[in-house]
Every structure is written in C-alpha cells, then in structure tokens.
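Participant: After the sequence you'll find the predicted model.
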Amino acid sequence: MLHEKVLADGQKEQLETWLSAARRVVVTCHVGPDGDAVGSVTAMVGLLEKQGKEAVGVVPNVFPRNLYTASGADRLVVFEEDADRAQTLIAGADLVLCLDYNALHRTGDRMAVVMRACRAPRVMIDHHLEPEESDFSMLVSQPEMCSTCEVLLHVVSEMGWLPMLDADIASSIYLGMMTDTGAFSYASNRGEVFRCVALLLDRGIDKDRIYRNIFWGASDSRMRAMGYLLYVNMKLMKKLHTSIITMTNQEWRRFYLKTGDTEGFVNLPLQIEGIRLSIFLREDPDVPGKIRVSTRSVDDVPCNLLAQEYFNGGGHKNAAGGSLMCTMDEAVEHVKRSLQKFQDYLKNG
Ligand SMILES: [Mn+2]
C-alpha cells in the first residue's frame, strides 16, 4: 500500500538482530516533546510491547497537556522529573531508539550525558536534516518525510509489523503526522502522506476526534494570551513580508500559561495576506538572559538558513528555531538587522 522505502540494505536484518537480543528497550525523543515526538514514542513503545519487550518511553522534560490524549503517554518517564529512574532505565537498556531528533544533544544537557554513557546500540528514526552520524549506531533519516511518525509507519511496514498496528498505535502515528503538518496544511504535498493516512484510517482511528483533542483542547488562558499577543505585541514589517511576536516571562505569568500553551502561535501571522515569514521570540523561563527563537515561513523562504546564520539554530526549510543570549529589546533589534541582510529571500514572491 505504501510506495516509498525508508530502510537501507541490511537495516531490517540488523534491527531484527538487535531486537531479538534485547529484553529492555528504551524509546527517547527530543527536549520539549511535541506531537510528533510523543506520538512516535508512544506508538513505538506499543509496538515493542506487542513483541514482548520491556519497553519504556523516556522523554527529556514535560510536554503539553493535550498530548496526554495519546495512548500510553501517561506512562512515559519524564527525565527532568524522575532523573534517577530515567537514568537507571537508559543505563540498563539493551537497545535505545532515538525518535524525532538527529543529535544526542537534542535530548538536553543532562539526559545527553546519560545517553552517551549507555553502551547499547542507538537507532535514530527521524526526519530532520543533517543528522549527527557519529551519535548513532544506525540512522533511518528521511528529511523529505513530513514527520517522524510517517518514517515510523514505513519502518512498521518494512519490518512486517503492520499486523500489530491497532487503533491506539495508529492514532499515535496519526497524531504526529497531523501536528507536524499543521493538520496537513504544510509539509504534506506528497501523495505518500495520504497513503499513510488512508492506511491509518483503515485501522480504525478517529481522525476528527484526534484533531479536536489536540487543537480544540485549549485553555482559556491560551486563548486570551493569543488575543493579547496578536493585538498588542505583533509587529508587522510588511515590506519584508515578516511578522515578529514577542513574549516575556512577565507576560507568560500574567496569563497563567502552562507548557505548550503557546504551541502554534508562531504560525498565526502566516494567515495574514502578504506575510511569508513569522518570527516568535520568547524569553526562556529556565535560562535567564536567553531568548528562544521560532520561525515559520511559506514557499521558498528558507527559515533554516535564517536560523543558522543569525539565531544559532537550524531546522527545516519552513520551520526552524534557535536562541539568542540577550534581552528581548536586543533580540528584536538583532532580528530586524538580520532581516535586512536576509531581505533578498523575502522580497520576491
Ligand atoms: Mn517531527
């Protein structure tokens, strides 16, 4: 049913060898787990349990409330809240799966140390550009694919695991595909994406419900913060087809926001006619003096180049991020100066 292949020659056999020798398998994702991370980890844990493995998902830190609708999300071990247990699990694993990230440092400073010390093979399954090859024993890297969950579904198919794909596991995979594509509004122009969706629908997922669980489960705080940020803080630079939104820790507290409550805000300005690049600057609540930068774009505006050149980061063409060590005012000035240098990419189109 699926047309594309993700495993290179010999990878299926290698994975089978490692899996058959493994009793305890740990499945991990990147810091700040999103829908694709939580979806792929919970799906993988479910698949491994069906194969009789002692499988546990370990995520670096807390994740948004609405992602707890993924089956098994309540059983994930959160490293920053339960470091001893997480460390014991990783150290004792026979096999470690690394989902939705391309370098070990993406699991955060503390978890990365534990990951590096673990001697079990590390298998990366991911869709980010330019993986750090030396960090992994095996890489299944598919930057063309919309999400790690899409890559994972292909792995499931090629490994012959489709008979294990029940509605719960299929729902987790759909969750990741849906969130990483803004409900199939970007990064999803390949027909294969919809062959995957069809396959998942045939497994009995309720896609309308998954959508509501994620996108309509907002808190009133989130809605009020969204209104405030768009009304008060959004600055439009129409000649550069760009929007900048800022958010300080003081504003975060004012609206009683929780982790994940600003998810997707960066996409909103792209709904404005003529806006092709959106930049969201947020004070890091954990690191004083650090500003987190998120960028989103449409068509050929390369967010990843912008993030690499000016924001100490990287990412995908239409979705990237980074950080700056400065005050919010300085960050805004830095962004404006960077946009001047970047304007050739912004003006045409
Ligand atoms: Mn992803």
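Facilitator: Structure received.
Participant: Please identify the helix or strand for the residue of the chain found nearest the ion.
Facilitator: Using C-beta to the ion, residue 36 is the residue of the chain that sits closest to the ion, at 3.3 Å. C-betas here are computed from N, CA, C, even on glycine. Assigned by DSSP states H and E, residue 36 falls within helix 35-50.
Participant: Run through the residues that contact residue 169.
Facilitator: By C-beta atoms under 8 Å, 6 or more residues apart in numbering, the residues touching residue 169 are 42-43, 46-47, 71.
Participant: Return the residues of the stretch 151-300 of the chain in contact with the ion.
Facilitator: Residues of the stretch 151-300 of the chain lying close to the ion (C-beta under 5 Å from the ion) are residue 180.
Participant: quick one, strands of the stretch 151-300 of the chain?
Facilitator: Secondary structure of the stretch 151-300 of the chain (DSSP state E, counting those that start in this stretch): strands located at 235-237, 242-247, 277-283, 290-297.
Participant: Direction included, what does the last one pair up with?
Facilitator: According to DSSP bridges, strand 290-297 has the following sheet partners: strand 277-283 (antiparallel), strand 319-325 (antiparallel).
Participant: I'd like a version of the ones you listed in a markdown table, one that adds mean neighbour count and mean pLDDT as further columns.
Facilitator: Formatted as a markdown table, these follow (neighbours: other C-beta atoms under 10 Å; pLDDT from 0 to 100):
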| stretch | mean neighbour count | mean pLDDT |
| --- | --- | --- |
| strand 277-283 | 25 | 98 |
| strand 319-325 | 20 | 95 |
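Participant: Reformat the ones you listed as CSV; add distance to residue 336.
Facilitator: Converted to CSV, the strands paired with strand 290-297 look like this (distance: least, C-beta to C-beta, whole Å):
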stretch, distance to residue 336
strand 277-283, 10
strand 319-325, 13
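Participant: Quick check, residue 48 in contact with residue 25.
Facilitator: Yes: here residue 48 reaches residue 25: they are 5.2 Å apart, a contact under C-beta atoms under 8 Å.
Participant: re earlier: what's the next secondary structure element after the helix holding residue 36?
Facilitator: That would be, after helix 35-50 and using DSSP H and E, strand 54-59.
Participant: Which residues does that next one contact?
Facilitator: 23-29, 33, 37-38, 41-42, 44-45, 48-49, 72, 75-79, 86, 89-90, 111.
Participant: quick one on the thing from earlier: give the contact list for the nearest residue to the residue of the chain closest to the ion once chain neighbours are set aside.
Facilitator: Distance criterion C-beta to C-beta, 6 or more residues apart in numbering; nearest residue to residue 36, sequence neighbours excluded, is residue 176 at 3.8 Å. Contact analysis of residue 176 by C-beta under 8 Å, 6+ apart lists 35-40, 43, 100, 147-150, 152.
Participant: Which two of those residues have the greatest separation?
Facilitator: 38 and 150 (15.2 Å; C-beta to C-beta).
Participant: For the least confident helix or strand in the chain by mean pLDDT, give me every contacting residue.
Facilitator: Every helix and strand in the chain was compared by mean pLDDT, DSSP states H and E; the lowest is strand 314-315, with a mean of 88. Strand 314-315 is contacted by residues 128-130, 295, 303-304, 307-308, 320-322 when judged by C-beta under 8 Å, 6+ apart.
Participant: This completes my enquiry, with thanks.
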